[in-house]
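Chemist: Take this sequence and fold it.
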Amino acid sequence: MTRCLYRCRCLNRVFQSIQVSLVLALVLLPAKAFAFTLLIGIDGFRGDYLDRGFSPTLNQLARQGAFSQELTPVYPSVTFPNHVSIVTGQYPGNHGIVNNLMIDPDLPGQTFRLADRKAVTAPQWWAESVPLWVTLAQQGHSSYTMFWPGAEVEIQGVRPAKWLAYNHSMTSMQRVQQLLVWLAESSSPPQFATLYFSEVDSQGHAAGPNHSSVNDSIQNVDEALRFLIDELKARGLWDAMTVVVAADHGMAHVRADQVVYGPKLLEGMSGVRWEWSGPAAGVRVQDPSLIPEVLKRLGEEPSLTCWPKGKTPKALGPTSHRRFPDVLCLSKEGWSTTDRRVGFPIPGQHGFDPSLKSMQGLLVVHGPDVMPGRLGRVRNMDVYPLLCALTQAQCSKTEASSNLAKAVLKTP
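Modeler: Numbering: from 1, shown residues only. Presented below is the predicted three-dimensional model:
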């Protein structure tokens with residue numbers, strides 16, 4: 001994600017003072033007793049960030065609910081594929097959002113990239129995914145999405161009842177405020193809502209996971225969550241709610257001298273192009289007969305492990321989808337691959353092997369029907385059956401396990 005524009009804690013307090021009238025309006029409105037499930041995504045919140053001492057609200061939710069500091073991402077361990085897997089219960093190779101950057105042979109002349117808002121919101125890229133809010137709408141229930149990858153797209157002719165076009169410059173506090181406004185103005189509450197925070201990931205990329213600015217961003221998000229909970233309690237909504245906090249992936253440090261220039265490895269080969277870069281790299285090969293030579297050359301780089309698409313380790317899930325490049329590579333932890341001779345350093349990166357400790361995200365589940373306790377390692381796509389159970393949605397076509405839902409939810 002692009003560098004976050006919101007950096008200092010004081011802006012939280014400034015925004016709160018400016019919005020006093022809004023907060024009072026929320027408190028003074030008559031209370032409405034209803035239950036719903038709120039899914040909160042904290043991009044790039046590595047599981048062990050919970051131990052840093054900057055997230056008292058999250059820590060309290062974890063102590064009172066069920067939690068895991070090892071929420072394992074799907075491959076590739078980047079933002080869009082993982083957020084979509086959480087709300088579909090499918091691997092990227094089946095829901096079709098296989099990376100933050102994609103080329104599809106069936107969509108000639110088009111490229112999906114995060115910086116291109118037109119491409120990101122084009123329905124043709126999302127046609128194979130069925131997020132939970134689409135399923136709920138098809139079953140007569142409403143959802144509010146205060147940002148989530150895919151939530152602003154018309155998928156199968158459906159959008160959430162309330163949604164907002166993604167605006168990276170919105171602070172964490174502003175995102176919370178917007179969700180509260182929607183809840184206050186609605187005569188019929190939603191079955192399901194999402195809330196997405198980006199700044200922990202942004203600061204992790206910009207400065208590396210060990211920098212103090214990451215701790216500041218953790219504290220910013222935690223303060224926004226504290227404000228959200230206080231407002232929900234004031235409205236009499238909190239005790240009936242279930243909150244699921246899920247981080248899409250972790251973050252690892254990459255030194256500037258541990259970046260490989262990919263095109264140099266394939267110099268002189270025609271019809272070969274680096275399509276993906278970073279820890280999860282990929283090469284598109286025009287002539288399939290050249291793939292063995294491509295693999296041979298890439299195999300000479302000790303920081304890379306590469307496979308033909310569709311022949312990756314089983315743990316990475318299916319990789320035969322047409323949007324995967326022909327050759328897929330993973331860098332060793334702490335290394336990265338670039339297709340640029342000169343580029344700005346990115347000290348914090350993800351996309352590494354999802355099984356690595358540094359790639360683990362955080363999971364917290366808090367609510368009246370949740371059995372408190374610490375969980376072992378959980379696949380993030382297994383959050384989906386839990387969400388289906390909480391929202392009573394009739395979900396199908398999932399590749400996820402229901403073990404998390406069975407472990408977390410109290411039996412009648």
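Chemist: rest of the way, CA atoms for contacts and neighbours
Modeler: Will do.
Chemist: Can you tell me the closest non-neighbouring residue to Ser401?
Modeler: Asp382 (5.4 Å; Cα to Cα, 6 or more residues apart in numbering).
Chemist: separation between that neighbour and Ser85?
Modeler: 9 Å (Cα to Cα, to the nearest Å).
Chemist: Which one's more surrounded, these two?
Modeler: A direct count of neighbours by other Cα atoms under 10 Å for Asp382 and Ser85 places Ser85 higher, at 31 against 25.
Chemist: so who does the more buried one touch?
Modeler: Listed by Cα atoms under 8 Å, 6 or more residues apart in numbering, the contact partners of Ser85 are 74, 91-92, 95, 380-381, 384.
Chemist: Any of those buried? List them.
Modeler: Using 16 or more other Cα atoms under 10 Å as the burial test, the contacts of Ser85 include 74, 91-92, 95, 380-381, 384 as buried.
Chemist: Just put these in CSV and tack on distance to Val294.
Modeler: Shown next, in CSV, are the buried ones among the contacts of Ser85 (distance: Cα to Cα, whole Å):
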residue, distance to Val294
Val74, 25
Tyr91, 26
Pro92, 24
His95, 28
Asn380, 33
Met381, 32
Tyr384, 38
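Chemist: Could you export these to JSON lines, including columns for secondary structure, pLDDT and distance to Gln156?
Modeler: Compiled in JSON lines, the buried ones among the contacts of Ser85 are given as follows (DSSP: H, G, I helix; E, B strand; the rest coil; pLDDT from 0 to 100; distance: Cα to Cα, whole Å):
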{"residue": "Val74", "secondary structure": "coil", "pLDDT": "98", "distance to Gln156": "24"}
{"residue": "Tyr91", "secondary structure": "coil", "pLDDT": "98", "distance to Gln156": "19"}
{"residue": "Pro92", "secondary structure": "helix", "pLDDT": "98", "distance to Gln156": "18"}
{"residue": "His95", "secondary structure": "helix", "pLDDT": "97", "distance to Gln156": "13"}
{"residue": "Asn380", "secondary structure": "helix", "pLDDT": "98", "distance to Gln156": "24"}
{"residue": "Met381", "secondary structure": "helix", "pLDDT": "97", "distance to Gln156": "21"}
{"residue": "Tyr384", "secondary structure": "helix", "pLDDT": "98", "distance to Gln156": "19"}
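Chemist: ok, so of those, who is nearest Ala240?
Modeler: Nearest to Ala240 among the buried ones among the contacts of Ser85 is Tyr384, at 20.2 Å by Cα to Cα.
Chemist: who's in contact with Ala400?
Modeler: Contact analysis of Ala400 by Cα under 8 Å, 6+ apart lists 89-90, 381-382, 384-385.
Chemist: Just to be sure, the residue nearest to Ser401 is in a strand?
Modeler: No. Counting by DSSP: H, G, I helix; E, B strand; the rest coil, Asp382 is not part of a strand but helix.
Chemist: Would you mind listing the residues in contact with it?
Modeler: Residues counted as contacts of Asp382 (Cα under 8 Å, 6+ apart) are 86, 89, 400-404.
Chemist: Arg322 belongs to a strand, doesn't it?
Modeler: No. Counting by three-state DSSP, Arg322 is not part of a strand but coil.
Chemist: Any idea how many residues pack against the closest residue to it other than its chain neighbours?
Modeler: In space, and not counting its chain neighbours, Arg322 is closest to Asp104: 6.5 Å by Cα to Cα, 6+ apart. The burial count assigned to Asp104 is 17, neighbours taken as other Cα under 10 Å.
Chemist: Equivalent analysis for Ile346, please.
Modeler: Ile346 has 18 neighbours, counted by other Cα under 10 Å.
Chemist: Figure out the helix or strand that it lives in.
Modeler: Of the helices and strands defined by DSSP states H and E, none includes Ile346.
Chemist: Next, the contact list for it, please.
Modeler: For Ile346, the contact set (Cα under 8 Å, 6+ apart) comprises 205-208, 254, 256.
Chemist: Which ones among the residues you listed lie within helices?
Modeler: Taking DSSP state H, the ones among those that sit in helices are 205-207.
Chemist: between those residues, which has the most around it?
Modeler: Going by other Cα under 10 Å, His205 tops the ones in helices among the contacts of Ile346 with 26 neighbours.
Chemist: just checking, that residue touches Gln349?
Modeler: Yes. Contact criterion Cα atoms under 8 Å: His205 and Gln349 qualify, at 5.9 Å.
Chemist: which residues do those two both contact?
Modeler: With Cα under 8 Å, 6+ apart, His205 and Gln349 have common neighbours Met251.
Chemist: Now do the same for the spatially closest residue to Arg323 that is not a sequence neighbour: its pLDDT.
Modeler: Closest residue in space to Arg323, ignoring its immediate chain neighbours: Asp104 at 5.0 Å, by Cα to Cα, 6+ apart. As predicted, Asp104 sits at a pLDDT of 98.
Chemist: What of Arg340?
Modeler: At Arg340, the model reports a pLDDT of 86.
Chemist: was I right about it contacting Val259?
Modeler: No. At 10.3 Å, Arg340 does not count as touching Val259 under the criterion of Cα under 8 Å.
Chemist: Comparing these two, which shows the higher neighbour count?
Modeler: Val259 (19 against 12).
Chemist: Who's the closest spatial neighbour of that one, skipping the chain neighbours?
Modeler: Using Cα to Cα, 6+ apart, the closest residue to Val259 is Ser336 (4.8 Å).
Chemist: ok, the one you found to Val158 distance?
Modeler: For Ser336, the distance to Val158 - Cα to Cα - is 38 Å.
Chemist: what about those two, which has more around it?
Modeler: Ser336 (29 against 16).
Chemist: For Glu301, see how far away the more buried one is.
Modeler: 12 Å.
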